[in-house]
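Student: this is a predicted model, with the sequence first.
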Amino acid sequence: MPLIKYIRYNSYSFLTAFFVILFISCENDYSPKPRGYFRIDLPEKEYRLFDTAFPYSFEYPVYANIVPDDRNGVEPYWINIDYPRFNGRVYLSYKVINDNLIEYLEDSRTFVMKLIPKASSIQDSLILRRADKVFGLIYEIDGINAASPIQFFVTDSASHFLRGALYFNHAPNNDSMAPVIDFIRKDIHHLVETLEWKEI
């Protein structure tokens, strides 16, 4: 066999073998990698006291800001805890109980139930601090598109009722926000654990 034909023959054989091996190796099941999200740097936990002329006090994080609620129809002692770093906000609304505790409890339950269509699960944690007369529930709402991943209420069952809800100022994607939601969840638990009522 002439040398040129031999080289051509071996080149074709090599290319054929290469493509056969490539084709066979590509028959394995392909599993796409899960979508990645940007790393979120979280600050160190540190708290300061919110203690003013309001009928309640609590500790809140130093990386958050307390701002008055400026929406229409707000009542006295309504405030927000802003998380500028995460574009999130905890809305706090306060009510004086006047033989209408059941109404406030039902309203809180209704707000949570409105999230059911977007929720995959709703878990509640009981708040029971008898010595300080702080009772309530924290609702944790799982679901990628749930608008509010955490809501809660606390009361002394006689005079005070405080309700809170966490919202983010962007379209909800609670998978990507999971580390931030967990981070703020701990702050909310700390708020509830340090809450104290004061005379109105």
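Tutor: Looks like it came in fine. Here the structure is a predicted model, which is why all the values come from computation and not from measurement.

Student: can you give me the strands for this structure?
Tutor: For the chain, strands defined by DSSP state E occupy the ranges 47-50, 56-61, 65-68, 79-83, 88-96, 121-129, 134-142, 150-155, 160-168, 196-197.

Student: residues touching the residue lying closest to residue 199 once chain neighbours are set aside, list them.
Tutor: If the residues on either side of it in the chain are set aside, residue 199 comes closest to residue 55, at 7.2 Å by CB to CB, 6 or more residues apart in numbering. Every residue, glycine included, has its C-beta placed from N, CA and C. Under the criterion of CB atoms under 8 Å, 6 or more residues apart in numbering, the contact partners of residue 55 comprise 77, 94, 160, 197, 198, 199, 200.

Student: shouldn't the fourth one be in contact with residue 131?
Tutor: Yep, that's residue 197 we're talking about. No - Residue 197 is not in contact with residue 131 according to CB atoms under 8 Å; the separation is 12.0 Å.

Student: before we move on, the earlier item: which of the contacts of residue 55 lies closest to residue 182?
Tutor: Lowest distance from residue 182 to the contacts of residue 55 (CB to CB) belongs to residue 94, with 26.3 Å.

Student: spatially nearest residue to that closest one, not counting backbone neighbours?
Tutor: If the residues on either side of it in the chain are set aside, residue 94 comes closest to residue 77, at 4.0 Å by CB to CB, 6+ apart.

Student: any stretches of the protein with poor pLDDT?
Tutor: Residues of the chain that meet the criterion pLDDT under 70 lie in 1-39, 172-175.

Student: domains for it, by residue range?
Tutor: The record's domain split for the chain, according to automatic domain parsing, is 1-31, 47-197.

Student: quick one: those as CSV, columns for distance to residue 41 too.
Tutor: As requested, those are exported to CSV (distance: least, CB to CB, whole Å):
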stretch, distance to residue 41
domain 1-31, 30
domain 47-197, 9
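
Student: point out the most buried one among these.
Tutor: Among these, ranked by average contacts under mean count of other CB atoms under 10 Å, first place goes to domain 47-197 (a mean of 16).

Student: residues contacting residue 80?
Tutor: Remark: with contacts taken as CB under 8 Å, 6+ apart, residue 80 is in contact with 66, 67, 68, 69, 89, 90, 91, 92.

Student: in those residues, find the pair that's most separated.
Tutor: In those, two members sit farther apart than any others by CB to CB. They are 68 and 90, at 13.8 Å.

Student: how close does residue 56 get to residue 77?
Tutor: When CB to CB, to the nearest Å is applied, the distance between residue 56 and residue 77 equals 8 Å.

Student: what are the bridge partners for the residue nearest to residue 189 when sequence neighbours are not counted, then?
Tutor: Setting aside the residues directly before and after it, residue 189 is nearest to residue 138 in space (CB to CB, 6+ apart), at 7.1 Å. In this structure, residue 138 bridges to residue 125, residue 152 when assessed by DSSP bridges.

Student: returning to what we had before: would you turn the contacts of residue 80 into TSV with distance to residue 156?
Tutor: As requested, the contacts of residue 80 are exported to TSV (distance: CB to CB, whole Å):
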residue	distance to residue 156
66	22
67	25
68	24
69	22
89	25
90	20
91	21
92	16
